[in-house]
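> Sequence first, then the predicted structure:
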Amino acid sequence: MDFLNPRALRWKIAALAAAACCAVAAVVGFLVHDATRERGLRVGTDRTLTRLIAAEREYDRTGRAPADIDVRSRDELPEPLTRDLATFVATETETEPETGAETETGAVTESGPPDTGPYATWYDADPPDWFWMWGAVAVADDRFLVVRDDMSTEVRSLQLLDRSIVKSVLAALLFVVPLAALATEPINRRLRHGARTARRIADGDLDARIGTAGRARDEVTEMASAVDDMAAALQRKLENERRFTADVAHELRTPLMGLVTAAGLLPEDDEAAGLVRDRLRALNALVEDLLEISRLDAGAERARLDPVPLGELVADVVRRTATDTRVGTVDAEVVETDPRRVERIVVNLVTNAHRHGAAPVEVTVTGARITVRDHGPGFPADLLERGPQRFRTGASERGRGHGLGLTVAQGQSEVLGARLTFTNAPGGGAVATLDLTPHASAA
């Protein structure tokens, strides 16, 4: 089923739409995540500095720190705070640090209000289940007020935001992928119609056209127009070829009949007269084949079906060919077919086997199937691949000929709705099989 085929065009377009959706969501999600994280850090830093400033003022007024504020020595400070406070002291005589400037270690040094500070903050994100914003300010030579503020609320909010973004992307994909698959249905329908039309043309319906009337001028329409133009050109060429073949055959028929009449007046015992009559018979057969091919190509032939005992019919036809051909039957059936066309096919196959193959030639009737086999060099690869081609015998070792016998047999089998196949036997020799089973041609 085309809808479930993962290699179908609809799913490739849907995958492309999903990839584009994921890419956009990833970029937007990263930007939102980064902006939210920065905002959370600023909020945590401001909250920590507010507590530090209040604690420093109370310490200056009372000499004691609030209960929730630690007083530590320099050695007891976390290493990032110690480093940043030392850096601030070393550089404060050269330049004033920018308020809120974040260091590479995650610490933020603050100048604070006039006559206060310096302040240092540090975001400690190492613990897996807890996050802290540290703050410190010097209140004596080796004494620092230290604040540790819980940042887990901001972290959880950021994690919830990330989950919400992922859920939103998945929900969007559940909507975008089916929508993209459905949106491609008009294109898929047009492509399937074009493929069906192309198969009809390949099967011989040269009047079939895809049609582009009322269509938007897109790439599919251009392809359909090109296929229609190709089919029209092919139809014209084939019709010209059929007309030429029929005209040539008809034009040759009149002088040929005169030649046959004149040859009949020649002496019977004259060797030269015999050669002339033999060549005239070959020429007459060629003209009849050309006429038959022109009728087959034009689709003018119709089968007249009658119940026929296939084994008896084939045995009688082979006997009338006056050739050294073995005939065998195995459970031969009575089939609904056109005996005249079956006779034409069998005669052509047997004649071809004797002309281009080697003895013994065997004809076997099995059920509704007729098999003709010789023991010569076999059919050439070109014939096995492409089927019979008129005026081509395929290989010099197959002997001489016009290449029309198998072409006529193939055409007659199509009129019968039968299936004619050509293979080579494993032990050598050509094998032609006519399958008269109903619907065999569709197999």
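Thanks, I have it. Numbers count the residues shown, from 1 in each chain.
> doesn't R373 make contact with A358?
No. Contact between A358 and R373 fails when scored by Cβ atoms under 8 Å: they sit 10.9 Å apart. In short, each C-beta sits where N, CA and C put it, glycine included.
> just the strands in this structure please.
With DSSP state E, the ranges of strands along the chain come out as 70-72, 101-102, 107-110, 119-124, 132-140, 143-150, 306-309, 325-330, 334-337, 361-366, 369-373, 419-424, 430-435.
> Lowest mean pLDDT across those, which one is that?
Mean pLDDT across the strands of the chain is lowest at strand 101-102; the value there is a mean of 44.
> Of the strands of the chain, which is nearest D229?
Ranking the strands of the chain by proximity to D229 (Cβ to Cβ) places strand 419-424 first, at 32.7 Å.
> just checking, what packs against the closest one?
The contact analysis (3 or more Cβ pairs under 8 Å, 6 or more residues apart in numbering; DSSP states H and E) places strand 419-424 against helix 381-386, helix 405-416, strand 430-435.
> Kindly recompute the last result at 6 Å.
Here strand 419-424 touches strand 430-435, going by 3 or more Cβ pairs under 6 Å, 6 or more residues apart in numbering; DSSP states H and E.
> Output the lowest mean pLDDT helix or strand found in this protein.
When the helices and strands of the chain are scored by mean pLDDT, DSSP states H and E, strand 101-102 comes last with a mean of 44.
> count of residues packed around the nearest residue to E154 once chain neighbours are set aside?
Spatial nearest neighbour of E154, excluding adjacent residues (Cβ to Cβ, 6 or more residues apart in numbering): G40 at 3.6 Å. G40 has 19 neighbouring residues, counting by other Cβ atoms under 10 Å.
> ok, I293 to V287 distance?
As judged by Cβ to Cβ, to the nearest Å, I293 and V287 stand 11 Å apart.
> now do C22
Using Cβ to Cβ, C22 is found at 71 Å from V287.
> what is the orientation angle of whichever helix in the chain runs longest with strand 119-124?
The longest helix of the chain (DSSP state H) is helix 9-62. Angle between the axes of helix 9-62 and strand 119-124 is 140 degrees (criterion: axes from the mean of the first three to the mean of the last three Cα atoms, to 10 degrees).
> Give the buried residues for stretch 16-26.
By 16 or more other Cβ atoms under 10 Å, the buried positions in stretch 16-26 come out as 17-18, 21-22, 25.
> wait, which of the residues you listed is closest to P118?
For those, the closest approach to P118 (Cβ to Cβ) belongs to A25, at 42.4 Å.
> Please report the distance of the residue lying closest to that closest one once chain neighbours are set aside from L160.
Nearest-residue entry for A25: V169, 4.2 Å, with adjacent residues in sequence omitted and distances by Cβ to Cβ, 6+ apart. Separation of V169 from L160 (Cβ to Cβ) stands at 15 Å.
> of the two, who's got more company?
Shown here are V169 and L160; by other Cβ under 10 Å, V169 has more neighbours (19 against 10).
> what are the ranges of the helices in the stretch 101-250 of the chain?
Using DSSP state H, counting those that start in this stretch, the helices assigned to the stretch 101-250 of the chain run over residues 152-183, 185-202, 219-264.
> Dump the ones you listed into TSV; add mean pLDDT as well.
Shown next, in TSV, are those (pLDDT from 0 to 100):
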stretch	mean pLDDT
helix 152-183	87
helix 185-202	86
helix 219-264	79
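> Any chance of the ones you listed in a markdown table with distance to G63 as columns?
Below are the helices of the stretch 101-250 of the chain laid out as a markdown table (distance: least, Cβ to Cβ, whole Å):
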| stretch | distance to G63 |
| --- | --- |
| helix 152-183 | 33 |
| helix 185-202 | 81 |
| helix 219-264 | 84 |
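> for these, which one sits closest to P426?
Of all those, helix 185-202 sits nearest to P426, with 31.2 Å by Cβ to Cβ.
> what's the closest one in contact with?
With contact meaning Cβ atoms under 6 Å, 6 or more residues apart in numbering, helix 185-202 is reached by 10, 208, 210, 220, 224, 231.
> and of those residues, the nearest to I53?
Nearest to I53 among the contacts of helix 185-202, counting by Cβ to Cβ, is R10 at 63.5 Å.
> residues touching that closest one, list them.
Going by Cβ under 6 Å, 6+ apart, R10 touches 181, 184, 188.
> From A171, how far out is it?
Between R10 and A171 the computed distance is 21 Å (Cβ to Cβ).
> Show me where the stretch 1-150 of the chain dips below the pLDDT cut-off.
For the stretch 1-150 of the chain, applying pLDDT under 70 flags the ranges 1-6, 88-117, 127-129.
> The same query, at a cut-off of 80, please.
The stretch 1-150 of the chain contains residues with pLDDT under 80 at 1-11, 84-118, 125-130, 140-141.
> what about the nearest residue to P267 once chain neighbours are set aside, how many neighbours?
Using Cβ to Cβ, 6+ apart and skipping the chain neighbours, the partner closest in space to P267 is A273 (5.6 Å). A273 is flanked by 15 other residues according to other Cβ under 10 Å.
> Touching, A273 and L265? I think so.
No. Counting by Cβ atoms under 6 Å, A273 stays clear of L265, with 9.2 Å between them.
> how near is the residue in the chain sticking out farthest from the centre to A55?
Distance from the C-alpha centroid of the chain peaks at T62, with 82.4 Å (Cα atoms, centre = their mean). Here T62 is placed at a distance of 11 Å from A55 (Cβ to Cβ).
> Next, find the distance separating W122 from W134.
4 Å.
> more crowded one of these two?
Applying other Cβ under 10 Å to W122 and W134 shows that W122 carries more neighbours, namely 27 against 21.
> Show me what the more buried one is bridged to.
With DSSP bridges as the criterion, W122 is bridged to A107, W134.
> Please tell me I have it right and it contacts L81.
Yes. Here W122 lies in contact with L81, judged by Cβ under 6 Å, at a distance of 5.3 Å.
> Can you list the buried residues in stretch 182-197?
For stretch 182-197, a neighbour-count test (16+ other Cβ under 10 Å) marks 184, 188, 190, 194, 197 as buried.
> Let me know the closest of those residues to D34.
Comparing the buried residues of stretch 182-197 against D34 with Cβ to Cβ places T184 closest, at 35.8 Å.
> and the closest one, what is it in contact with?
Going by Cβ under 6 Å, 6+ apart, T184 touches 10, 13.
> From L256, how far off is the closest residue to L266 other than its chain neighbours?
Excluding the flanking residues, the one nearest L266 by Cβ to Cβ, 6+ apart is A273, at 3.5 Å. Relative to L256, A273 is positioned 17 Å away (Cβ to Cβ).
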